[in-house]
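Asker: Have a look; sequence and predicted model below, questions after that.
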Amino acid sequence: MKKGCRDYVGVACVDGTCPKTVKEECEEYSRSAMRCSQCFLNKGCEDCALADTEYCSVRNEEESR
């Protein structure tokens, strides 16, 4: 199971290939709406820009335990 959180910021979120963004721009080419946590491009912490930074909520949660 991939590790992730609500603050996920993956490559597709910022490079213009986010399916949600594409759907808004090109309605006829896109899939139905999905949650970011269900996105096939979401690799969890593996490709999150916030992983291992002070802004990572997963890291901060683990440190507070």
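Answerer: Yep, it's here. This is a predicted model, so every value here is computed, not measured. Numbering: from 1, shown residues only.
Asker: Give me the mean pLDDT for stretch 52-65.
Answerer: Across stretch 52-65, pLDDT averages out at 76.
Asker: i'd like the first residue to be 42 from this point on
Answerer: Taking 42 as the first residue, the last one we looked at is stretch 93-106.
Asker: residues near the closest residue to residue 48 other than its chain neighbours, how many?
Answerer: Take residue 48 and drop its neighbours on the chain: the residue closest to it by CB to CB, 6 or more residues apart in numbering is residue 98, 4.9 Å away. Bear in mind the C-beta positions are built from the backbone N, C-alpha and C, glycine included. Residues lying near residue 98 (other CB atoms under 10 Å) number 13.
Asker: hang on, residue 98 packs against residue 47?
Answerer: Yes - taking contacts as CB atoms under 8 Å, residue 98 lies within contact range of residue 47: 7.2 Å.
Asker: Let me see the contact set for the residue nearest to residue 48.
Answerer: Shown in contact with residue 98 (CB atoms under 8 Å, 6 or more residues apart in numbering): 46-48, 91.
Asker: Distance check, it against residue 57.
Answerer: Remark: distance between residue 98 and residue 57 (CB to CB, to the nearest Å) = 25 Å.
Asker: Cheers, nothing more for now.
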